[in-house]
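Participant: turn this into a model:
(2 chains)
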Amino acid sequence: MEEPNQISKDLLENLVALRGQFENCMDFMMREFCIGENRAALAAIDGLVNKQIVAQGIMNPILGATLPEGSPQERFSYIRDHALSTVDQVQIRTLGDVTDRIFSGFVVLLMDGCDWGIAFGVQGFSFRGISEPSNEVMQRGSREGFVEPCLINMSMIRRRMRTPKLKFEKMEIGALSKTGVVLCYLENAAAPEVLEEVRANLRQIQEESVLAAGYLAPFLERKGIFNGAGLSERPDTVCGKIAEGRVAILVDGTPNVLIVPHLFIENFQSFDDYAIRPFYATFTRCLKMIAFFLAMFLPGLYVATVTFHPELLPETLLIKIAQAEASTPFPVMTEAIVIHLIYEIMREAGLRVPRPLSHAVSIVGALVIGDTAVTSGLIGSPTLLVVALTALSSYATPQLYESIALARLIFIVAGGVAGLWGVTLGMAAVAVGICAESVYRVPFSAPVSPFRLWNMRDTFLRASWRILSRRTETVQDLPGAHVRRR
Amino acid sequence: MAVPKELHRVGAGQLFCLLFLSRFLLVLAVNSRFSDGGSILDNILSELAAFAANFLLVLPVWAMHRRRPGLDLLDQAYLAWGKAAVAVCLFYALYLVAVNWYYLSLFQLYIGNVIEVRTPVWVVAAGVLVMACYGALRGVEAILRASGVILAALCAGLVFIVALLLPKIDPLHFEPLLYHGPQQALSGLVLFLSHNTGIVSLGLLLPLVRGRKKLGFAVWNTGICVTLAVLLVVIVGVAGDYLEGQLFPVYTASAMAEAGPFQRLDAFYLGMWMMGLFMKVSFDLYLISYCITKCWNERAGKLSIFAAAVFIAAGAQLSVVDRAVQGVLHGLWFFGTLSAVATLALPLLVLFSDRWKAGRAARKGGAG
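Facilitator: Below you'll find the model as predicted:
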């Protein structure tokens, strides 16, 4: 008995079914023609296929071929095996496969008298060319960044890791969007438990549409204030992470690749660290850590000190701050919150505004906040300086920006309401929050806590490649990881 | 007995980091008034004696662990005494509540009398307890991992303060040890032993600990002894007799530290105490929930964290406002007795009961 969506031997029946499915789809193309005395049809979506390849690689060879005598099945088999010059072709048997292939940029050939079809991979849609990533700028190393089509991203990774142990597993997520999601890992480096957990997390996603990597991130990471899934636009960064046993998740249609497990310390590492000399890389890492500390805690500490513990400040500084604050109508906490909110609004506006208007936004922001607010006596200049330093520092660790932006407001309130004890308590709670989490059975705070001296060579320090290359360690080798090694 | 779920093994280093923090807190809170007000320097002798005593006091717990490495103190009590072991669980839970009364009330006294924050003292205590509940709910692994980070920060702060105080040391401030008699050294010894929950914590958690436990214990005990000795020498060298009239001598000395234009660095002291207290209370709340989970179930264990926090808050507040309660809580006999039972008597009783039962079973088996 035939399956309900099995391709029928009657071409007309298949065409009616397809036309029914694609009714009112003006981009659906159907070209009917004859192969000998048998009728045949090509179906595709306009814009997804390269029509020149369709004409030269499929239509011309078929129409010009001398077909042998025999049944339609034999003729169709002859065309499949001897006539066509396309590389990527698949035999399909159901109408479901036909529509799936058509949506993936294939052309499907059906022939009367045959209960199967041939799908040709002749994708020809336009896409953005490979360019330098805009959000992950590096001084050294490759200038290539990921693009939207997943296949090209895969090729960029494959070019850098020429080993059959590099695996790409495809999944489809999203009932409506049927987005292609590809798991990428090194077979000999990634832990099977981690891989299985990633697969399980992806399988449980019930979303209708997946239009960006951010749609998947919540299903892959822990529930904490800091990100548990890394994001990269650079193939070299992704290759480095994969070599350490991590799993990359490529989402078709987005130039960002998710990487798990992602540890807290990775927020202070960048690909540049490995391309520049170690002593300077160590220095920049330390700078980033200090910047994180400033971005997160400085406004809170400033508000707490000025409000409750002014005796901690040197006398001259205290007098300057007191003079500046004496002329403003608001308490320091309110000032700090207001300036931060204004800064965040400016930042958001600068991001969303059409490019020609961005200069106007910058000028208004600089004039309003930088000059007018201080000269009019609404805001004290020391508070403004603290906010400016905080804003600059938060860009040193861009992956932590979202967490820092919210946490520092909480710390300002803690400092303004409770003083230093509130900020200190908050710091301790943040430390527990970071240390409490495990991502894919690896402590989020590893290798700082649980501590291992050997791992410090690529944590606070960036040792020379002479030392780093002595032993390659995977993420599951980190102290405290509950994952067995391969 | 119910077994708490999701218990992973913890590293010996992490556990001893936390125990170091707990005792470090006692060092920070060294209080001349509550420890008989003699020469502060004599506390070095007390700590040396406590150092030696700790090696003896740990023996029952260690013997129990060697006998049954997979079972903690409560499990072994259950083996020895059956359902009566519930009383042991409850005793340890209450003991930990009482110890935290002491630590929190001391902090409240410090905040109220020395820092004089504008926030009401009970709000500060409530803040600490709310955060500590959060820490306890995150589990033992989270607390122990965080303890390493916080200990590093505390040690950095301590080294910073000590380094700034070193140039201010005046040798004339030092008096011979035991100059005022042995009273201070003895009361210091009782103080250090009676407020140390380290051995009880080991009794509860040793089966989960992996790594070099004996070495960890030795380093912990020695490290805290050396730290206290250095700190006491430095603060006495800086301030001498002046400290004897101070409520919190370590604080007073740290307030004298100067770094260039920064003339008051007592905020470091406040930060260190706050972080240490948070970790200590979190850990003890976790241990309380561990004891209650052993008696009943996981849910009761989690609820007990909040209940214990409320008890601790109430007890600490009571000891702040009521001088009679304060006298009992901060006197040496109350915690001296409690700790003697918790650290020594109960583990010994459990150990002997277990050995006696085993011996009787062996005799019966031999007779059969």
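Participant: how far does the longest helix along chain A sit from the chain's center?
Facilitator: Counting by DSSP state H, the longest helix found in chain A is helix A:278-308. In terms of CA atoms, centre = their mean, to the nearest Å, the centre of helix A:278-308 is set 27 Å apart from its chain centre.
Participant: that one near chain B anywhere?
Facilitator: Yes - residues of helix A:278-308 contacting chain B under CB under 8 Å from any CB of the partner chain: A:305, A:308. Just so you know, the C-beta spots here come from the backbone N, C-alpha and C atoms, and that holds for glycine as well.
Participant: pull out the buried residues from that helix.
Facilitator: A:278, A:281, A:284-285, A:288-289, A:291-292, A:294-308 (16 or more other CB atoms under 10 Å in any protein chain shown).
Participant: what ranges does the stretch 1-150 of chain A have for its strands?
Facilitator: Secondary structure of the stretch 1-150 of chain A (DSSP state E, counting those that start in this stretch): strands at A:28-35, A:38-45, A:89-92, A:106-111, A:117-121.
Participant: run through chain B and note the low-pLDDT ranges.
Facilitator: Where chain B drops to pLDDT under 70, the residues are B:1-8, B:31-38, B:116-117, B:366-368.
Participant: who in it is up against chain A?
Facilitator: So chain B meets chain A at B:8, B:11, B:13-14, B:111, B:115, B:117-119, B:123-124, B:127-128, B:131, B:134-135, B:138-139, B:141-143, B:145-146, B:148-150, B:260-265, B:267, B:270-271, B:274-275, B:278-279, B:282 (CB under 8 Å from any CB).
Participant: contact partners for A:Gly253?
Facilitator: Neighbouring residues of A:Gly253 by CB atoms under 8 Å, 6 or more residues apart in numbering or on different chains: A:148-150, A:179, A:211-212.
Participant: one more pass at 10 Å, please.
Facilitator: Neighbour list for A:Gly253: A:127, A:148-150, A:177, A:179-180, A:210-213 [criterion: CB atoms under 10 Å, 6 or more residues apart in numbering or on different chains].
Participant: ok, now how distant is the single nearest residue of the stretch 201-350 of chain B relative to chain A from A:Val306?
Facilitator: Going by CB to the nearest CB, chain A is nearest to B:Pro261 of the stretch 201-350 of chain B, at 3.4 Å. From B:Pro261 across to A:Val306, the span is 16 Å (CB to CB, to the nearest Å).
Participant: returning to that earlier point: out of the contacts of A:Gly253, who's nearest chain B?
Facilitator: Within these, the smallest distance to chain B is 28.5 Å, found for A:Ala213 (CB to the nearest CB).
Participant: what's around that closest one, how many residues?
Facilitator: 21 (other CB atoms under 10 Å in any protein chain shown).
Participant: residues contacting the residue of the stretch 201-350 of chain B closest to chain A?
Facilitator: Going by CB under 10 Å, 6+ apart, the list of residues near B:Pro261 reads A:313-317.
Participant: any weak-confidence spans in the stretch 251-400 of chain A?
Facilitator: Applying pLDDT under 70 to the stretch 251-400 of chain A flags no residue at all.
Participant: from B:Phe262, how far off is the residue of it found nearest chain B?
Facilitator: The nearest approach of the stretch 251-400 of chain A to chain B comes at A:Pro314, 3.4 Å away (CB to the nearest CB). A:Pro314 sits 6 Å away from B:Phe262, going by CB to CB.
Participant: again with A:Thr375
Facilitator: A:Thr375 is 31 Å from B:Phe262, by CB to CB.
Participant: next up, phi/psi of the residue of chain A most remote from its centre, please.
Facilitator: In chain A, the greatest distance from the average C-alpha position (CA atoms, centre = their mean) is reached by A:Glu69, at 54.7 Å. The phi/psi pair for A:Glu69 (degrees, to the nearest 10) reads phi -70, psi 150.
Participant: contact residues of the stretch 251-400 of chain A facing chain B?
Facilitator: Within reach of chain B by CB under 10 Å from any CB of the partner chain, the stretch 251-400 of chain A has these residues: A:301, A:304-305, A:307-317.
Participant: pull out the buried positions in whichever helix or strand B:Trp101 is part of.
Facilitator: Assigned by DSSP states H and E, B:Trp101 belongs to helix B:85-110. The neighbour-count check on helix B:85-110 (16+ other CB under 10 Å) flags B:85-86, B:88-89, B:91-110 as buried.
Participant: just after that helix, pick out the following helix or strand.
Facilitator: helix B:121-138.
Participant: okay, angle between that next one and helix B:85-110 too, please.
Facilitator: 140 degrees (axes from the mean of the first three to the mean of the last three CA atoms, to 10 degrees).
Participant: so which elements touch helix B:121-138?
Facilitator: For helix B:121-138, the packing partners by 3 or more CB pairs under 10 Å, 6 or more residues apart in numbering or on different chains; DSSP states H and E come out as helix A:401-418, helix A:420-436, helix B:85-110, helix B:140-165, helix B:266-295, helix B:298-321.
Participant: tally of neighbours for B:Leu165?
Facilitator: Per other CB under 10 Å, the neighbour tally for B:Leu165 reads 21.
Participant: wait, it touches B:Thr252, no?
Facilitator: No - the pair B:Leu165 / B:Thr252 is not scored as a contact, 11.3 Å apart, by CB atoms under 10 Å.
Participant: thinking again about what came up before, what about the residue of the stretch 251-400 of chain A closest to chain B, distance to B:Tyr251?
Facilitator: Distance, A:Pro314 to B:Tyr251, by CB to CB: 21 Å.
Participant: circling back: ChimeraX command to pick out the buried ones of the residues of chain B next to chain A?
Facilitator: To isolate the buried ones among the residues of chain B next to chain A in ChimeraX, judged by 16+ other CB under 10 Å, type:
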select /B:11,13,14,111,115,117,119,124,127,128,131,134,135,138,139,141,142,143,145,146,148,149,150,264,265,267,270,271,274,275,278,279,282
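Participant: a markdown table for the strands of the stretch 1-150 of chain A, including mean pLDDT?
Facilitator: Output for the strands of the stretch 1-150 of chain A, formatted as a markdown table (pLDDT from 0 to 100):
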| stretch | mean pLDDT |
| --- | --- |
| strand A:28-35 | 91 |
| strand A:38-45 | 92 |
| strand A:89-92 | 90 |
| strand A:106-111 | 93 |
| strand A:117-121 | 92 |
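Participant: in CSV, list these along with mean neighbour count and distance to A:His262.
Facilitator: Shown next, in CSV, are those (neighbours: other CB atoms under 10 Å in any protein chain shown; distance: least, CB to CB, whole Å):
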stretch, mean neighbour count, distance to A:His262
strand A:28-35, 14, 42
strand A:38-45, 21, 37
strand A:89-92, 16, 36
strand A:106-111, 26, 35
strand A:117-121, 23, 34
